[in-house]
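Chemist: sequence and predicted model, in that order:
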Amino acid sequence: MKAREGDYAYAYGVVSGMTAKLIDDKTFDELARFRSVEEVVAFLEGTDYEPEIKKVVGKTIEIENLESALKRHFVRIYRSIVSSIPESDRKDLNRIISESLKVENLKIIMRGIHSGMEPEKIEEMLDIMEDEELITELTKAKSVEEFIAGLEKTEYHDVLESKLPEYKELGNLLPLENSLDKHMIDSWRGVVSKDLRRFVEIKTDTINIRTILRCKISDIPSKDYIIEEGHLKDKLSEMERGEVKDVLEILDRTTYGKAAKEAMSEYEKTHSLISFEKRLESDILTFLKENAILRPLGVFSVMSFINAKRREVKNLNTVVICKHYDVPPEEIKEILM
Amino acid sequence: MAVEGIITTFFSGNVLGAVGAAIAIAIAGVSSARGLEIAGNTAAGATGENEENFSSALILQALPQTQVIYAFIIGILIILGIMGGNMTPEKGFLSLMAGIAVGITGISAVSQGKVASSSIGATAKNASVKGKVLIFVVMPEIAALFGFVTAIMLLITGQVF
């Protein structure tokens, strides 16, 4: 049975109460000016993070323990919110959030290994994760092949292994990253909620736009990497045929027009689309926020809060690491999301 | 003859009045309960996170209750008319209309519950908007108030009580 608007009333109350406790930007500025990790820990002990922080604080503070305490806090909050939403949407939302976090982490590790980064550096860049042990182990892989072999007992192994020859041939991560995206979108099929389906469609569009543009820049045919879904489904073949500029012009006539227009001028100047890709990602967050305001009694309020909480935890993680390495406050402020 | 008897009985003032009272309380009652449920669930969630949200949530949650109070008043007035023993078919028909007016406008309680829910959420996020959001929650009340006044006027016009 589909969830009705009123069924989200309790979850909305929970999320609203939790929103009030989120650490605001002003406080993050103050945290960046704190003198040590110990001061940050003392601050966190007076917040919602207390139960997780207390478990890891002893005579000395281990930075790794602190990081996992922050992540455990996110997992606790996440589980508590998900348990408060209507049962009919619970499984789907859980699938969407956890799958996107997993795929995001796997991509970060692959990129790190591909570019020869140290495991510790890769680990610092990772998002919040549930399967911490496996992910940490994967960061230690010496090559992308070893990384894929490390995923043997997971659903991602076959997905990635099938694209390994293409990766070797092209020397580009695009086939592997794309296969993960495709797998993610496939795993989201059959989502019952209309709102969640709208989210999946937007996410699919974002992936398709990014893939087509990356393929064009790398001079790789994009046909095999396209996901034949989303709002842009009818325009995909047209987008595949043209150049980068043509793609942006096609997008200009769609809901992605504003972002495409900005990307066009940037592309003409720098021949880079990085900020366009970032813009597409942030547009998804804006979509969630706007819909959460328009219809607070719905899944978007919950998703919007989860994103805000995720950002808070990542920022706290950044502050803790930066304090540990004595990074100046101004630099910390720049790194914060 | 039997059919005529049924029609006469059904369209008697007492039956029409009773149906009006029942419609009023049933529709408004169900709507108020739904509105209270929606607002109450948000209030419970917000209070669970922070007990300080309790007082403002309570005020906002209570507002969808008024629709059933209006319906209850109209229902009582109609029943008083029936008990007076002078409920003609004309008075019964006006009572029925009064019941429909207050009952159907009472559906506004569901919308009010949703606005109350959003307002409880807004207050939980930012306590300083407490007074302002109260205005938003009162707005759907106007429809119910109009229905109530119309119902009262119908009963006065028909000299039902």
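Modeler: In hand now; what should we look at? What you see is a predicted model, and the numbers here were worked out from it, not measured in a lab.
Chemist: which of the helices or strands spans the residue of the stretch 101-250 of chain A found nearest chain B?
Modeler: Going by CB to the nearest CB, chain B is nearest to A:Asp195 of the stretch 101-250 of chain A, at 16.0 Å. Where C-beta positions appear, they are placed from N, C-alpha and C, glycine not excepted. Assessed by DSSP states H and E, A:Asp195 sits inside helix A:194-218.
Chemist: mind giving me the packing neighbours of that helix?
Modeler: Helices and strands touching helix A:194-218, by 3 or more CB pairs under 8 Å, 6 or more residues apart in numbering or on different chains; DSSP states H and E, are helix A:87-114, helix A:174-187, helix A:236-241, helix A:244-252, helix A:274-294, helix A:299-324.
Chemist: in the third one, which residues are buried?
Modeler: By neighbour count, with 16 or more other CB atoms under 10 Å in any protein chain shown as the criterion, the buried positions of helix A:236-241 are A:Leu236, A:Met239, A:Glu240.
Chemist: the first one: what's it in contact with?
Modeler: What that stands for is A:Leu236. Counting by CB atoms under 8 Å, 6 or more residues apart in numbering or on different chains, A:Leu236 makes contact with A:Asn208, A:Ile212, A:Ile226, A:Glu228.
Chemist: hang on, A:Pro175 packs against A:Glu166?
Modeler: Yes - between A:Pro175 and A:Glu166 a contact is recorded at 3.9 Å, counting by CB atoms under 8 Å.
Chemist: ok, B:Gly29 - how many residues close by?
Modeler: Neighbour count for B:Gly29, taken as other CB atoms under 10 Å in any protein chain shown: 18.
Chemist: which pLDDT value goes with it?
Modeler: According to the prediction, B:Gly29 has pLDDT 97.
Chemist: shaky segments in chain A?
Modeler: Scanning chain A for pLDDT under 70 picks out the ranges A:1, A:59, A:128-130.
Chemist: what does it put close to chain B?
Modeler: Proximity of chain A to chain B, by CB under 8 Å from any CB of the partner chain, involves residues A:5-6, A:9-21, A:84, A:296-297, A:301.
Chemist: out of those residues, which are buried?
Modeler: A:6, A:9-21, A:84, A:296-297, A:301.
Chemist: so which of the residues you listed are in helices?
Modeler: The helices, defined by DSSP state H, take in A:9-20, A:301 from these.
Chemist: could you export the contacts of A:Leu236 to a markdown table, including columns for neighbour count?
Modeler: Listed next are these as a markdown table, based on neighbours: other CB atoms under 10 Å in any protein chain shown:
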| residue | neighbour count |
| --- | --- |
| A:Asn208 | 27 |
| A:Ile212 | 23 |
| A:Ile226 | 22 |
| A:Glu228 | 9 |
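Chemist: and the furthest pair within those?
Modeler: Taking every pair in the contacts of A:Leu236 and measuring CB to CB, the maximum separation is 12.6 Å, between A:Ile212 and A:Glu228.
Chemist: mind telling me what element the closest residue to B:Met139 other than its chain neighbours is part of?
Modeler: Once flanking residues are discounted, B:Met139 sits nearest to B:Val115: 7.2 Å by CB to CB, 6 or more residues apart in numbering or on different chains. Using DSSP H and E, B:Val115 maps to helix B:108-125.
Chemist: immediately after that helix, which helix or strand?
Modeler: With DSSP H and E, the next secondary element past helix B:108-125 is helix B:130-138.
Chemist: pull the CA atoms of that next one into PDB?
Modeler: Output in PDB follows, covering the C-alpha atoms of helix B:130-138 (Å, rounded to 0.1, in the frame of the first residue of the first chain):
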ATOM      1  CA  LYS B 130       5.700  30.000  17.100                       C
ATOM      2  CA  GLY B 131       3.300  33.000  17.000                       C
ATOM      3  CA  LYS B 132       3.500  33.500  13.200                       C
ATOM      4  CA  VAL B 133       2.700  29.900  12.300                       C
ATOM      5  CA  LEU B 134      -0.300  30.000  14.500                       C
ATOM      6  CA  ILE B 135      -1.900  32.400  12.000                       C
ATOM      7  CA  PHE B 136      -1.400  29.800   9.200                       C
ATOM      8  CA  VAL B 137      -3.000  27.100  11.200                       C
ATOM      9  CA  VAL B 138      -6.000  29.300  12.100                       C
END
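Chemist: which strands or helices does that helix pack on?
Modeler: Using 3+ CB pairs under 8 Å, 6+ apart: helix B:130-138 touches helix B:54-62, helix B:108-125.
Chemist: residues from chain B in reach of chain A?
Modeler: Within chain B, the positions near chain A by CB under 8 Å from any CB are B:34, B:37-50, B:53, B:57, B:113-114, B:117-118, B:120-122, B:124-127.
Chemist: name the SS class of A:Thr255, please.
Modeler: Classification of A:Thr255 using DSSP: H, G, I helix; E, B strand; the rest coil returns coil.
Chemist: who touches the nearest residue to it once chain neighbours are set aside in this structure?
Modeler: Closest residue to A:Thr255 apart from its sequence neighbours, by CB to CB, 6+ apart: A:His231 at 6.9 Å. Taking CB under 8 Å, 6+ apart as the contact definition, A:His231 lies against A:Glu201, A:Ile202, A:Asp205, A:Thr254, A:Thr255.
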